[in-house]
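Trainee: Based on what follows, work out the 3D shape:
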Amino acid sequence: MPPFDIDPETIRKLAELMTETGLSEIEMAEGDRRVRVSRAAMAAPVHFAASTAAPAVAPAAVSPASNPGAVTSPMVGTAYLQAEPGAPPFVSVGSTVRVGDTLLIIEAMKVMNPIKAPKSGVVSQILISDGQPVEYGEPMMIVE
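Mentor: So this is what the prediction gives:
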């Protein structure tokens, strides 16, 4: 196999596309050659400041993913809060839902997948925006 020439402009365009779409990885194939670009998770820098004051005790924050009413994404795709552009949203904060009511849809591989309410209750939070890419297991709504 001949050496593989890497085109930096192609890599830049793939990286820009990843940023625009929120993807963590993208792969391109041309003939028998493939290029995969993935975003590495980097730890945020830690800054220490000297302080003589006692540390403030903040209330423990509850992660949306650990909330028992969290509705998480069952797949990777694009989430839509309404059936079509210009249509009213399926639900909004304060909406009362019953088990099986459609909360949103996720487009994956050109298929629209309705996401149903796993329990009855009131939508207390919507954690995503319309047209947002979502990852598997990502919390999207809270139904309490």
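Trainee: Outline the domain layout of the chain.
Mentor: As given by automatic domain parsing, the domain ranges for the chain are 8-38, 68-143.
Trainee: where do the strands sit along the chain?
Mentor: Applying DSSP state E to the chain gives strands spanning 25-30, 33-38, 70-72, 77-80, 96-97, 102-108, 111-116, 121-126, 132-134, 139-143.
Trainee: ok, now how distant is Pro68 from Val111?
Mentor: Per CB to CB, to the nearest Å, Pro68 is found 29 Å from Val111. Bear in mind the C-beta positions are built from the backbone N, C-alpha and C, glycine included.
Trainee: mind checking pLDDT for Pro89?
Mentor: pLDDT, Pro89: 93.
Trainee: Test my guess that it contacts Gln82.
Mentor: Yes: the pair Pro89 and Gln82 passes the contact test of CB atoms under 8 Å, sitting 4.8 Å apart.
Trainee: ok, Lys116 - contacts?
Mentor: Val99, Gly100, Asp101, Thr102, Leu103 (CB atoms under 8 Å, 6 or more residues apart in numbering).
Trainee: residue ranges with poor pLDDT in this protein?
Mentor: 1-6, 38-65 (pLDDT under 70).
Trainee: cutoff 50 now
Mentor: Applying pLDDT under 50 to the chain flags residues 41-61.
Trainee: that older thread, need the winner for burial among the domains of the chain.
Mentor: domain 68-143 (a mean of 16; mean count of other CB atoms under 10 Å).
Trainee: next one: that one to chain centre, how far?
Mentor: The chain centre lies 11 Å from the centre of domain 68-143; the measure is CA atoms, centre = their mean, to the nearest Å.
Trainee: Just put the strands of the chain in TSV and tack on distance to Leu17.
Mentor: TSV is the format used below for these (distance: least, CB to CB, whole Å):
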stretch	distance to Leu17
strand 25-30	6
strand 33-38	9
strand 70-72	26
strand 77-80	14
strand 96-97	35
strand 102-108	17
strand 111-116	22
strand 121-126	27
strand 132-134	12
strand 139-143	23
